[in-house]
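# I'd like to go over a predicted model; first the sequence, then the structure.
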Amino acid sequence: MSGAPVALAALEALLTRHSVGPKHLVEPGPSDAQLALMVQAALRAPDHAELVPYRFKLVRGDARRGMAALFADAARAAGKGEEGAALDAERALRPPVSVAVVARIDPGHPKVPAHEQWAAVGGAIAHFLAAAHAMGFGGKMLSGAKVRDAAVAAAFCEPGETLLGWMTLGTPARAAADRSRKPPAADVLVDWHPPCKN
Ligand SMILES: Cc1cc2nc3c(=O)[nH]c(=O)nc-3n(C[C@H](O)[C@H](O)[C@H](O)COP(=O)(O)O)c2cc1C
């Protein structure tokens, strides 16, 4: 292989990353130092004009109970009933750590259109979760209709911001199966040819 030596451990982490759902996550969650590394990795994702169009909000410890109450209220408001409310509350309580992803997109930016800012948010999520996986943590990005519940959104966002969802993080309960079904690289990488001129 030509080019710079490949950081094999980093590549291995990228090639094996897969989501681990909240029901398979147990304590311990990542420490402050480990979370800081995940954020540093996120900040390395491509970001036109370095706008950093996102913020991460850490939900752990007792704060999970507050989020569970919000989730339960959102479920009731959506007509899910008490059983649905309990299920949604459990989604907040079960992961040792949840990290809310809040996008702050500037639709009027003179140089960076909104779609490029959204791409930066996606890149940050990917780097964050890849770093978590590289450190042995399991994680999954989750959203659901509750991100659009007014009370839930207001609890996480300033005016003009958008709540994308939560990266749930913890120690995988067991060697989790990689259920990802990815297409072969050849389906995704194709040669481009200039349009024919007649
Ligand atoms: C912004 C965003 C929101 C998502 N919300 C959900 C969700 O609510 N429920 C879900 O099952 N997967 C959701 N996903 C997809 C999962 O995080 C995960 O990527 C998908 O299940 C594929 O698994 P993999 O990451 O192992 O390839 C979301 C992904 C993104 C980027």
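Everything's here; your move. Residues are numbered from 1 along each chain as shown.
# and whichever helix in the chain runs longest, average pLDDT?
Longest helix in the chain, counting residues (DSSP state H): helix 114-134. Per-residue pLDDT over helix 114-134 has a mean of 98.
# now swap in stretch 152-169 and tell me
pLDDT averaged over stretch 152-169 gives 98.
# what of stretch 57-67?
98.
# and it, how far out from the chain's middle?
Distance, stretch centre to chain centre, for stretch 57-67: 16 Å (CA atoms, centre = their mean, to the nearest Å).
# returning to that earlier point: got a list of contacts for the helix or strand following the longest helix of the chain?
Next helix or strand after helix 114-134 toward the C-terminus (DSSP states H and E): strand 138-142. With contacts defined as CB atoms under 8 Å, 6 or more residues apart in numbering, strand 138-142 is touched by 19-22, 24-25, 91, 101, 125, 129, 132-133, 164-172, 176. Placement of C-beta: from N, CA and C, glycine included.
# switch to 7 Å and redo it
19-22, 24-25, 125, 129, 132-133, 165-172, 176 (CB atoms under 7 Å, 6 or more residues apart in numbering).
# buried ones from these, can you make that a ChimeraX selection?
Buried subset of the contacts of strand 138-142, written as a ChimeraX selection, criterion 16 or more other CB atoms under 10 Å:
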select :19,20,21,22,24,25,125,129,132,133,165,166,167,168,169,170,171,172
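# quick one: the longest strand seen in the chain to strand 138-142, angle?
Ranked by number of residues, the top strand in the chain under DSSP state E is strand 162-172. Orientation check (axes from the mean of the first three to the mean of the last three CA atoms, to 10 degrees): strand 162-172 against strand 138-142 gives 160 degrees.
# and the longest helix of the chain, what does it pack onto?
Applying 3 or more CB pairs under 7 Å, 6 or more residues apart in numbering; DSSP states H and E, one finds that helix 114-134 contacts helix 8-16, helix 32-43, strand 97-103, strand 138-142, strand 162-172.
# again, only this time at 8 Å
helix 8-16, helix 32-43, strand 54-60, strand 97-103, strand 138-142, strand 162-172 (3 or more CB pairs under 8 Å, 6 or more residues apart in numbering; DSSP states H and E).
# got the buried residues for it?
Buried-residue list, helix 114-134, by 16+ other CB under 10 Å: 116-134.
# which ones among these also lie next to the ligand?
The subset of these within reach of the ligand, by CB under 6 Å from any ligand atom, is residue 125.
# follow-up on the earlier one: looking at the helices and strands packed on helix 114-134, which is closest to the ligand?
Across these, the ligand has its closest neighbour in strand 138-142 (3.7 Å, CB to the nearest ligand atom).
# could you report the neighbour count for residue 100?
The local packing of residue 100 (other CB atoms under 10 Å) involves 20 other residues.
# excluding chain neighbours, what is closest to it?
residue 57 (4.1 Å; CB to CB, 6 or more residues apart in numbering).
# OK, contacts around the one you found?
Contacts of residue 57 (CB under 8 Å, 6+ apart): 99, 100, 102, 156.
# would a markdown table of the residues you listed with distance to residue 143 be doable?
Shown next, in a markdown table, are the contacts of residue 57 (distance: CB to CB, whole Å):
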| residue | distance to residue 143 |
| --- | --- |
| 99 | 13 |
| 100 | 10 |
| 102 | 12 |
| 156 | 12 |
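# cool, thanks, talk later.
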